[in-house]
Every structure is written in structure tokens, then in C-alpha cells.
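Asks: sequence-free structure coming up:
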């Protein structure tokens, strides 16, 4: 039996709060990219803690990524238009885009070139989704940079997840990103089953189990 | 002084849970559109309660809408490309798109035609954002319908919000939508200041105040 860890909403809230000073001082993000659905809640909470008084909120763009293996057959018939199947295959797993950036609305951020971008997800499990996100976003940046005639500074990606599972990863993040300290997991945990509150059917029981695992 | 109401994460969770049976039986959504950032948390929770065993998750697409009046000057210089300024003006307030649907990734949903779509936000305050969302999405559907040569059934929008404030609304929703019961607010409240947990800087104090307002 795989061990389970129950995480309450308030714990998620505090993990974001705890991470915010480092994100603000080191990553200084100008754009948050939330990987949905799991990244939606931490991204929204983080935005509150990253807001500086007098400044506007850091914009959030949502992208939706699903591993094919997590999808039912109904949903996984073929790669989505616009994806490069060879790249998807290289990742060692099939990732499906259910939503990507909206370049029309990004305004002056549309090119992403020279920006500091924070990618947010709830969990780094096999790392496949994170590798896919960084690689595909990097491609978009390169395309934009070529259009701009190689103008604009470097685009810097950083990553925040609530939990990083200690396990063999299928996905790979660049040594540069890792060594620069641009990867932040609020908690590093064994390869357990993490029960997030937004998946709970009985939230009171969920909280009771979370309290119990700390005190019982 | 405007009265404040503190809402805990678990209360938000239960409001979504309570609404889910009606959403499933009456709205039967095939796509959730979350209005970010406020709609992110309820949309993610709702997805759990709307999932039927054996079926894939209902896909979520995020859109980002901000009222200009809520934005700092830095952020509100001009309408975003692709918006129709006349329409925005008609709404009686300026709405800025920070993200819109990704029609590439929507796959067989790309045309939206003939689908049941649930729009999710945290609060219906002036109704401006909701009016904007329904109107602009309806336009997209009509454009898609024309491309398809008028094929496909009716697209049906429904709305879920956690709280509807009883106040004079600047935005208007169609009588048809309202009379069909396709508007669901988990709670209808006076024109108070609702403190959502994802905006709390001290979540324990937030919860204490929420408990106090019920019991003290």
C-alpha cells in the first residue's frame, strides 16, 4: 500500500506564503504560468503573496497539460494540433495540451522575450509535464526572438511546486535551471500519494486525517 | 464601514460541493471556463465534484478578465488587441482581457458550437465581467457557427459563482439565461466585502474571524 499524505487548504496556503519571499527576491517573476488544473490553486494563492503594494498583480496565464496515460481513451485519441509529435515522443510520455498561452492577450508580454517567468504546478511527480512546459515555452520564446531580430534579453524560467516527489524522474530539467536555484519545491517528499484538498469528497474528514497524521 | 464576510477554504469547497448536483443534472457542462484569477479555485474544486467515475475530467479553459478600474495605470494603457472597443464601452466599464480561449488546443471543442459551457467566477459583483464573458464567448460561437455553415446545435451557457451580491448591476445577463435557471450563485449576499481565503495574509486569523462571525 502506498502511503498517503493529506494536505489541507491552509497548509497549501502556508506553503505558498513561505515560498513567496524567495520567489520575490530571487525569481522576481513578471508572469506566472499556471499548469492547470493542479497549478490553479497555488498560482492564485501565490499571486496574493507576490503582490507588492502599489504595483499591479503579476499576470497569470493558465496552460492545461495532461499526460495521456492519465486520460481515458475517449480523450486521448491523437496529439493536439500544433504539437510536435516527435518532441512529445522524446519526452518519453505523451503530453496533451488542453490549453496554451493566448498570445493575443499577452500584450507587451506576447513575445515572452527577456521576461522572468514562473511556472507553477502542484506536484513534481515524474517531471514529464514540467519538462514539456519548459521546452515548449522555450521554443515559443525562440520563435518570438527570431521575429524580433534577436533583440531582447534572456528569458528566464523558474519553477515552483508545492511538492517534489523523490523518485526516478522521466522528465529532465536543465542543469542550468537547477544549479541556478530556479527550481523551488516547498516540500520534498518520498514517493507517496499526496491527497490535495481540492480532490477531497469529504473535506472535514480530509482535515481530520491530515491532523491525525501529524498528531495521532 | 462596509461589513466584511470572511469565507474559509473549506466553506468554498462545500459551496462547490453543494452546487455540484444541480450543475450536473441541469447544466451538464462539457466545458468549464474559469474566469481568472478568482474563478481558478472554485473551478478546480468543481471539476472534482463534477467528475463521473469512468469519464474523463471536464476540461477547464481559463480566461483572464480585469476591470480597468481595478488595474493600476501601468497595466491599463490601452485595450488589448483583438477586443472590440465599442463593445467594451457598451458594457459601461472597461474590461481587459489578460487571457482568452486557446482555440488550437480546444480540439473538437474548438468551435464551441452546440456545447454546454459553464462559466465559473468567485463573485458576481457589478456583473460587468460576467456580461463581457457571455457576450464575447457568444460572438466566438457565432463566428464558429458561420464557418461551419450554420451546422451544430445551440450552444448553451450557464454560470456558477460562489457569491452574488445584491446590488444594482452594471452588467446585464439575458432574461433567457436567468429564466432558464442557468445562473447559479451558491449564496446571495448583501453588498458586503467578501474576504476570500486566497487573499488572506494570515490564514489562521482569517479562519478565526470566519468562525467568530458565525458564533461570537
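Replies: Happy to help now that I have it. Small disclaimer: the values here were computed from a predicted structure and weren't measured.
Asks: Low-confidence stretches in chain A?
Replies: By pLDDT under 70, the low-scoring segments of chain A are A:1, A:69-93, A:107-111, A:150.
Asks: Where does residue A:158 fall, secondary structure wise?
Replies: Here residue A:158, judged by DSSP states H and E, is contained in strand A:156-165.
Asks: Could you spell out the sheet neighbours of that strand, each with its direction?
Replies: Strand A:156-165 has the following strand partners under DSSP bridges: strand A:116-124 (parallel), strand A:183-189 (parallel).
Asks: closest to residue A:18 out of the ones you listed?
Replies: For the strands paired with strand A:156-165, the distance to residue A:18 is smallest for strand A:183-189, at 6.4 Å, taking C-beta to C-beta. (Each C-beta comes from the backbone N, C-alpha and C, glycine too.)
Asks: Would you mind identifying the next helix or strand past the closest one?
Replies: Toward the C-terminal end, the helix or strand that comes next after strand A:183-189 (DSSP H and E) is strand A:193-195.
Asks: So which elements touch the helix or strand just after that following strand?
Replies: The first helix or strand that comes after strand A:193-195 along the chain, using DSSP H and E, is helix A:203-215. Contacts of helix A:203-215 with other secondary structure elements, assessed using 3 or more C-beta pairs under 8 Å, 6 or more residues apart in numbering or on different chains; DSSP states H and E, are made with strand A:4-6, helix B:9-22.
Asks: Now with 6 Å, please.
Replies: For helix A:203-215, the elements it packs on are strand A:4-6, judged by 3 or more C-beta pairs under 6 Å, 6 or more residues apart in numbering or on different chains; DSSP states H and E.
Asks: Adjacent strands (with direction) for the strand it packs on?
Replies: Strand partners for strand A:4-6, identified by DSSP bridges, are recorded as strand A:193-195 (parallel).
Asks: Pull the residues that contact the partner strand.
Replies: Contacts to strand A:193-195, defined as C-beta atoms under 6 Å, 6 or more residues apart in numbering or on different chains, come from residues A:2, A:4-6, A:163.
Asks: any chance of those in JSON lines, with distance to residue A:170 too?
Replies: Compiled in JSON lines, the contacts of strand A:193-195 are given as follows (distance: C-beta to C-beta, whole Å):
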{"residue": "A:2", "distance to residue A:170": "18"}
{"residue": "A:4", "distance to residue A:170": "22"}
{"residue": "A:5", "distance to residue A:170": "22"}
{"residue": "A:6", "distance to residue A:170": "26"}
{"residue": "A:163", "distance to residue A:170": "17"}
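Asks: just these now: which is nearest residue B:138?
Replies: Using C-beta to C-beta, residue A:163 comes nearest to residue B:138 of the contacts of strand A:193-195, at 40.2 Å.
Asks: Would you confirm that that closest one contacts residue A:187?
Replies: Yes. Distance between residue A:163 and residue A:187: 5.2 Å, which falls inside the contact criterion (C-beta atoms under 6 Å).
Asks: Look up the residues forming beta bridges with residue A:123.
Replies: residue A:163.
Asks: burial measure for it, as a count.
Replies: Taking other C-beta atoms under 10 Å in any protein chain shown as the neighbour definition, residue A:123 ends up with a count of 20.
Asks: so does the longest helix along chain A get close to chain B?
Replies: Across chain A, the longest stretch assigned as helix under DSSP state H is helix A:128-147. No. Helix A:128-147 stays clear of chain B (C-beta under 6 Å from any C-beta of the partner chain), getting no nearer than 11.6 Å.
Asks: between that helix and strand A:183-189, what angle do the directions make?
Replies: Using axes from the mean of the first three to the mean of the last three C-alpha atoms, to 10 degrees, the direction of helix A:128-147 lies 180 degrees away from that of strand A:183-189.
Asks: from the middle of its chain, how far away would helix A:128-147 be?
Replies: Relative to the chain's own centre, helix A:128-147 is displaced by 14 Å; criterion: C-alpha atoms, centre = their mean, to the nearest Å.
Asks: Can you point out the buried residues in it?
Replies: By 16 or more other C-beta atoms under 10 Å in any protein chain shown, the buried positions in helix A:128-147 come out as A:128-137, A:140-141, A:144-145.
Asks: any chance of the residues you listed in a markdown table, plus distance to residue A:47?
Replies: Listed next are the buried residues of helix A:128-147 as a markdown table, based on distance: C-beta to C-beta, whole Å:
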| residue | distance to residue A:47 |
| --- | --- |
| A:128 | 26 |
| A:129 | 21 |
| A:130 | 20 |
| A:131 | 25 |
| A:132 | 23 |
| A:133 | 18 |
| A:134 | 21 |
| A:135 | 25 |
| A:136 | 23 |
| A:137 | 19 |
| A:140 | 22 |
| A:141 | 22 |
| A:144 | 24 |
| A:145 | 27 |
